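Asks: Predicted model and sequence follow; I will ask about them next.
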Amino acid sequence: MSPIAVTRLLILAAVWGASFLFMRIIAPVLGTVPTAFFRVSIACLGLLVILALLRVRWDFNGKLKACLVLGMINSGIPATLYSVAAQVLPAGYSAIFNATTPLMGVLIGALFFREPMTLAKLSGIFLGLFGVGILSGAGPVTFDHQLLQGALSCLAATTCYGFAGYLARRWLDHQGGLDSRLSALGSMMGASLLLLPLFGYSVVTQPPASWGGWDVWLSLLGLGLVCTAFAYILYFRLLSEIGPVKASTVTFMIPAFGVLWGAWLLDEPLSMAHLYGGVLIAVALWLVLKPAAVRA
């Protein structure tokens, strides 16, 4: 993998890791569904402005419908599922389940897209999950119906991510590919269309007690424009460059960056567990990202 691709992967992890800071400010005030809807809709509007300023030609090459469907699979449905999980799961468990995305990618690739599964790649994924578990510091919880519901919601979301990565390469990269900025715009449009009726229903049946102040809406702008619009441009670029499994390893690094942002900006404490988890994640990334051995 090229140094430029590695740099993009690290930037994406840092940006998505920062999204947790914004979510801590927004979600308790607005609620889960409004937060998810505003996130994708602000990202959609931001991408419209970016494409207009850069004078990007609106030529989807007949792939607009595919972008809309991908947005529903890759953004709209997972956002809703994680909203369900957030009601019943501790944050540490959500981070662990989110990091199963590369594992889902490997399994889905092997089962449905004829992708080779190597021992190093599979070992790296499980090692990464172990590192994320240590890093998140998730403690034991009682196994009950709510835990099962939250776990299944998270796993369904990561399954969506796994399928979306391969579908993006199959639907968007043929016939000359598609500009990553257009891919991101189409994706956010699809997610916004999916979440719009859910947002309307939630506002009618259970409106937020407060629509927040300037801190909430500035955080929403950061979440939508930087952590979603800009991040998805990077993500679709990485999908084309390094493939869905390697691109999905960003989920291993997101908790690490979340810890770093929290320590820097929120004065959250660091411990040796963070060091141990970070080392395991680094080894896992090397196992998954290293080039396969070429047979003579």
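Replies: Here it is on my side, so go on. Numbers count the residues shown, from 1 in each chain.
Asks: name the helices or strands packed onto the one helix or strand residue 158 maps to?
Replies: Secondary structure from DSSP states H and E places residue 158 in helix 145-172. If contacts are counted by 3 or more C-beta pairs under 8 Å, 6 or more residues apart in numbering; DSSP states H and E, helix 145-172 sits against helix 64-71, helix 77-86, helix 91-98, helix 101-112, helix 231-242, helix 244-248. Just so you know, the C-beta spots here come from the backbone N, C-alpha and C atoms, and that holds for glycine as well.
Asks: Residue 122 is nearest to which of the ones you listed?
Replies: Closest to residue 122 of the helices and strands packed on helix 145-172 is helix 101-112 (C-beta to C-beta; 6.4 Å).
Asks: Between helix 101-112 and the next helix or strand along the chain from the closest one, find me the angle.
Replies: Counting by DSSP H and E, the element after helix 101-112 in chain order, helix or strand, is helix 119-136. In terms of direction (axes from the mean of the first three to the mean of the last three C-alpha atoms, to 10 degrees), helix 119-136 departs from helix 101-112 by 150 degrees.
Asks: going forward can the numbers begin at 226, since that is how I track them
Replies: Let's use 226 as the start, then, which means that last one is helix 344-361.
Asks: among the helices and strands packed on helix 370-397, which is the most enclosed?
Replies: helix 469-473 (a mean of 25; mean count of other C-beta atoms under 10 Å).
Asks: Can I get whichever helix or strand comes after that one in PDB? Just the C-alpha atoms.
Replies: Note on helix 469-473: by DSSP H and E, the next helix or strand toward the C-terminus is helix 475-490. Extracted in PDB, the C-alpha atoms of helix 475-490 (Å, rounded to 0.1, in the frame of the first residue of the first chain):
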ATOM      1  CA  VAL A 475      -9.900   2.100   9.700                       C
ATOM      2  CA  THR A 476     -12.400   0.900  12.300                       C
ATOM      3  CA  PHE A 477      -9.500  -0.600  14.300                       C
ATOM      4  CA  MET A 478      -7.900   2.900  14.600                       C
ATOM      5  CA  ILE A 479     -11.000   4.900  15.300                       C
ATOM      6  CA  PRO A 480     -11.200   4.000  19.100                       C
ATOM      7  CA  ALA A 481      -7.500   4.800  19.400                       C
ATOM      8  CA  PHE A 482      -8.000   8.300  17.900                       C
ATOM      9  CA  GLY A 483     -11.100   8.700  20.000                       C
ATOM     10  CA  VAL A 484      -9.000   8.100  23.100                       C
ATOM     11  CA  LEU A 485      -6.300  10.500  22.000                       C
ATOM     12  CA  TRP A 486      -8.900  13.300  21.200                       C
ATOM     13  CA  GLY A 487     -10.500  12.700  24.500                       C
ATOM     14  CA  ALA A 488      -7.200  13.000  26.400                       C
ATOM     15  CA  TRP A 489      -6.200  16.100  24.500                       C
ATOM     16  CA  LEU A 490      -9.500  18.000  24.400                       C
END
